[in-house]
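Trainee: Predicted structure and sequence below. I'll ask about it afterward.
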Amino acid sequence: MTSPRWRLILNGKSAGNDDVRKAVAALRDRGVALDVRVTWEGGDAERYVAEAIADGVDTVIAGGGDGTLSEVATTLAHRDEDADALPSLGLLPLGTANDFASAATIPTDPAQALDLVQRCPPRPVDLLRLQAPDGLHWAANLASGGFGTQVTLETDAGLKKMLGGLAYVVTGIAKLGRIEPMRARVHGEGFEWEGDFIALGIGNGRQAGGGQALCPDARIDDGLLDVTVVPDLSGEVGATVRALLTEGQHAALERIAARAQLRWVEIESPQPLNLNLDGEPVQSRHFRIDCAPGRVRMHLPPGCPLLSEPAAAETLPGAAVHATAS
């Protein structure tokens, strides 16, 4: 029987991680032919994935944070082959926030994460496909805009290194006194919203920016985008904070946000708008985002909260609107 062939594409920041080295050695001892490639600059991940495909590798593992996962998944998505003909995708979470891994309950311990890839067969999962004037972009987790995006963009790299995910909280608190709403029109199948917003999430996954669960009901295999628009809360900040403290974030979103599940969504803004795609900022006045169903096959844990129930997965995707605002 041929040994499985894996390729770990490791973010250069984690190249000296002793736990990763031990986990890789343990997999090799169990008969997995596992090679490691370390990224150093932009374009490395794409080159390494192409090399892995040419070498006939069975599984490509993204070793890093949400940005590394998105970069590897994007390279797979660019290919002309069907998902079944491409290597499966695994995740070794080594980032600061690990938002996708946290929502998917993928362990951050390297040995446990790699063991999960070996034990759990891959499942087809969706990706976000975003069209902007500068070209096509992809994301595995979530596109976010507004307050959360500014926090992510402005969080100091040194602070992230010292505090981890807490760095986003510190930066967020510092910005609370200067939240500036942005105006946009957000529309899709049977959904229309226009006004000033302070946060926007287009989710394949559920959270970004160190735990901001903007799309708490999102599934990564339902063929749908989860859309959440949090409007300007002028005059409602006190009530919103009380709702967060007493009812939790999910209940607060239900109360104040416009939410929908759509196959595609368009965003138009009179001023340039920054969207954060798994760590990659993209700026435009107009975006079109589509769900690309089953674009890659990914190893996920049993009972992963981001996967639909089997019966639901067989249902033809459609538009289901939770709430609208105008």
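Mentor: That came in fine, so what should we check first? Numbers count the residues shown, from 1 in each chain.

Trainee: going forward, measure contacts between C-alpha atoms and count neighbours the same way
Mentor: OK.

Trainee: Which residue ranges of the chain form helices?
Mentor: Secondary structure of the chain, counting by DSSP state H: helices at 18-29, 44-54, 66-78, 99-104, 110-119, 147-154, 157-163, 166-175, 237-247, 249-256, 310-313.

Trainee: Compare those helices and say which comes out lowest on pLDDT.
Mentor: Looking at those, the lowest mean pLDDT belongs to helix 310-313 (a mean of 36).

Trainee: For the spatially closest residue to residue 84 that is not a sequence neighbour, list each beta-bridge partner.
Mentor: Distance criterion C-alpha to C-alpha, 6 or more residues apart in numbering; nearest residue to residue 84, sequence neighbours excluded, is residue 297 at 7.4 Å. Beta-bridge partners of residue 297, counted by DSSP bridges, are residue 124.

Trainee: From residue 274, how far out is residue 297?
Mentor: 29 Å (C-alpha to C-alpha, to the nearest Å).

Trainee: Of those two, which one has the most company?
Mentor: Using other C-alpha atoms under 10 Å, the more surrounded residue of residue 297 and residue 274 is residue 297, with 23 against 19.

Trainee: for the residue nearest in space to the middle of the chain, what are its contacts?
Mentor: Most central in the chain under C-alpha atoms, centre = their mean is residue 141, positioned 1.5 Å from the mean C-alpha point. The contact partners of residue 141, by C-alpha atoms under 8 Å, 6 or more residues apart in numbering, come to 66, 70, 100, 127-128, 203-208, 277-278.

Trainee: Pull out the buried members of these.
Mentor: 66, 70, 100, 127-128, 203-208, 277-278 (16 or more other C-alpha atoms under 10 Å).

Trainee: In the sheet, which residues pair with the closest residue in space to residue 227 that isn't next to it in sequence? Tell me.
Mentor: Nearest residue to residue 227, sequence neighbours excluded (C-alpha to C-alpha, 6+ apart): residue 202, at 4.7 Å. Applying DSSP bridges to residue 202 gives these bridge partners: residue 143, residue 227.

Trainee: Tell me, how many residues neighbour residue 202?
Mentor: Residue 202: 32 surrounding residues under other C-alpha under 10 Å.

Trainee: same check, this time on residue 24
Mentor: Neighbour count for residue 24, taken as other C-alpha under 10 Å: 20.

Trainee: Tell me, what's the model's pLDDT at the residue nearest to it when sequence neighbours are not counted?
Mentor: Excluding the flanking residues, the one nearest residue 24 by C-alpha to C-alpha, 6+ apart is residue 34, at 7.3 Å. The model reports residue 34 with a pLDDT of 96.

Trainee: How about residue 276?
Mentor: Residue 276 carries a pLDDT value of 88.

Trainee: what number of residues lie near it?
Mentor: 24.

Trainee: Then residue 14?
Mentor: 16.

Trainee: these two touch, right, it and residue 64?
Mentor: Yes - contact between residue 14 and residue 64 holds when scored by C-alpha atoms under 8 Å: they sit 7.4 Å apart.

Trainee: between these two, what contacts are shared?
Mentor: With C-alpha under 8 Å, 6+ apart, residue 14 and residue 64 have common neighbours residue 94.

Trainee: which ones are touching residue 75?
Mentor: Residue 75 neighbours (C-alpha under 8 Å, 6+ apart): 45-46, 49-50.

Trainee: ok, now with 7 Å
Mentor: 46, 49 (C-alpha atoms under 7 Å, 6 or more residues apart in numbering).

Trainee: Relative to residue 304, how far out is it?
Mentor: The gap separating residue 75 from residue 304 is 24 Å, by C-alpha to C-alpha.

Trainee: Residue 71 too?
Mentor: Counting by C-alpha to C-alpha, the gap from residue 71 to residue 304 is 22 Å.

Trainee: Of those two, give the one with the bigger neighbour count.
Mentor: residue 71 (23 against 13).

Trainee: Leaving out sequence neighbours, find the closest residue to that one.
Mentor: residue 45 (6.7 Å).
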